[in-house]
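> Return atomic coordinates for the entry below.
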Amino acid sequence: MVKTVALAVGLSALVASTVMAVGAHERPTLSSGAAETSASFNWRAYAGTTIEIMLDSHPWQKFIEPYIPEFEKQTGIHVGVSVYIENQFRTKRTVEMLSGTSSIDGFMIMPAEDLAKYTQLGWLEPLNGYMTSKTDLSPHYDTSDFFSSALKAGVRGGDNYTIPIQLETSLLAYNKTILSRYHVGVPRTMDQLLSAAKTIYEDSHGQIYGITMRGDKAAATSQWIDFVHSYGGTWLGRDGKSAIDSPQAIAATELYGRLLRLYGPKSALTNSWYDSISIFMQGRAAMIYDANVFKAEYENKGISSVAGHVGYAVIPRGPAGSVPHVSTCSLAIYSGSHHKAATWLFIQWVTAKEIDLQALIDGIPVARSSAWDSPVFKRNDSSPQWTQATLASYKSATPLWNPPVVSVSQCRDVVGGAIVAAILGKNVPEALGRAATQMNAILASSQ
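Numbers count the residues shown, from 1 in each chain. Now for the predicted structure:
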């Protein structure tokens, strides 16, 4: 039986719902080959085992939980699932690892955030052996089908530590009805983005926010960095030191702060993703820049008042072009697990081609190319504009959405402080200069 610990509070309750129902959409077979065996591989090899999986409260988690009983039935493996909202998830996962006695067997992880730290501390089980074993790898499981960037995200020191569940980028989503009402075109450049937000906010007398984005310190950095890259900036210079105080980064940060300060929600300083998407889904903001995975929420008529009225576009062009990020959300096995092989079977099952195809139909941007190419998906694609914008973003995206360092969290925290300063209208060059100095001190101490 699946056990879920739900700790979502406040506005997060609005988005703590099941993914969009496919309804009359054509559904692929979800056996994942689990009913089949070969001379050396057997899905029921660990029947009777109980594994514990820790998941982030996330659209993919909401998609996969209803299917876990199928996995249990077909493999005989019992699955306990604990779910926490994002900040609590990261804290709880770290506490579990530090204890050295955790009962957790597997968990979600974003390699760009935690791979360097977790491998350094020895908390992740290398998967190379499982991925080549005739005994442990289903003959129907195709690792070559994953986008190479998604699979490589989990590689460190020649070892693969994660299997991708989705390949995420960020898009500009917009309320078609609002843009039409105020005679505003879809922004294609950063100047047009600023102008569109200004027009809608002022012409609605502040009743409709021009745009909503993350503003809550470290949470904002994953979206802010796309503005920086589009202006020609980056996290680190060639000397390995912080480059967040470059002229390009300053210009991008000033724009990000101006958009939220002048035309965004009054709560921008404390808005993380769940707050921001809630504002957009309530029809209180004309545009939002955030992860493409939230299409599943925007288009869910059960919780979103804008479902069916949302358009999607790549990030507006800056001086360096449209440069979004691409990030990978993955699954990993805890090195201290007593049920590693059974957990590997679970990871295989929930990332199989059939499962990923259904996830994509339900709005999850999966990491398997076969799902995107599938005639079944193309026949059931309810948001082709989202698909086009997502695939276009994949082509121009950078994987450097987080600083490429071990001390990711500390660096994000200090940069988040500078973003807050920009939203407050403070001196951005000074704020980023201080953040760069702090970031360099962190880098020096972690070497």
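> so when I look at Pro126, I'm seeing a strand, right?
No: according to DSSP: H, G, I helix; E, B strand; the rest coil, the state of Pro126 is coil, so it is not within a strand.
> what sits against it?
The neighbours of Pro126, taking C-beta atoms under 8 Å, 6 or more residues apart in numbering as the test, are Asp159, Asn160, Tyr161. Glycine gets a C-beta too; all of them are placed from N, C-alpha and C.
> Could you list which of those residues belong to strands?
Secondary structure defined by DSSP state E assigns Asp159, Asn160 of the contacts of Pro126 to strands.
> Counting neighbours, which of the contacts of Pro126 end up buried?
Burial by neighbour count, 16 or more other C-beta atoms under 10 Å: within the contacts of Pro126 this picks out Asn160, Tyr161.
> tell me which of the contacts of Pro126 is nearest to Ser57?
Checking the contacts of Pro126 against Ser57 with C-beta to C-beta, the nearest one is Tyr161 at 22.9 Å.
> Which of the helices or strands spans Asp136?
Asp136 is part of no helix or strand, with elements assigned from DSSP states H and E.
> Let me know the helix or strand that Ile165 is in.
Using DSSP H and E, Ile165 falls within strand 163-175.
> which residues in the stretch 251-400 of the chain form helices?
Here the stretch 251-400 of the chain has its helices, by DSSP state H, counting those that start in this stretch, at 273-281, 295-298, 340-350, 353-361, 369-373, 375-380, 384-396.
> Can I get those in TSV including mean neighbour count?
Putting these into TSV (neighbours: other C-beta atoms under 10 Å) gives the following:
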stretch	mean neighbour count
helix 273-281	24
helix 295-298	24
helix 340-350	24
helix 353-361	24
helix 369-373	17
helix 375-380	14
helix 384-396	17
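> and these as CSV, adding distance to Leu172 and mean pLDDT?
Putting the helices of the stretch 251-400 of the chain into CSV (distance: least, C-beta to C-beta, whole Å; pLDDT from 0 to 100) gives the following:
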stretch, distance to Leu172, mean pLDDT
helix 273-281, 11, 97
helix 295-298, 12, 93
helix 340-350, 30, 98
helix 353-361, 21, 95
helix 369-373, 21, 96
helix 375-380, 23, 95
helix 384-396, 8, 94
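> Mind putting these into a markdown table with distance to Gly210?
What follows is these, written out as a markdown table (distance: least, C-beta to C-beta, whole Å):
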| stretch | distance to Gly210 |
| --- | --- |
| helix 273-281 | 12 |
| helix 295-298 | 18 |
| helix 340-350 | 39 |
| helix 353-361 | 31 |
| helix 369-373 | 32 |
| helix 375-380 | 33 |
| helix 384-396 | 20 |
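> Can you identify each of the strands in the stretch 301-447 of the chain by residue range?
For the stretch 301-447 of the chain, the strands defined by DSSP state E, counting those that start in this stretch cover 310-313, 326-333.
> what does the stretch 51-200 of the chain give?
Counting by DSSP E, counting those that start in this stretch, the stretch 51-200 of the chain forms strands over residues 78-84, 106-109, 155-156, 159-160, 163-175, given from the N-terminal end onward.
> Can you flag the weakest of the ones you listed by average pLDDT?
Set side by side, these give their lowest mean pLDDT on strand 155-156, at a mean of 93.
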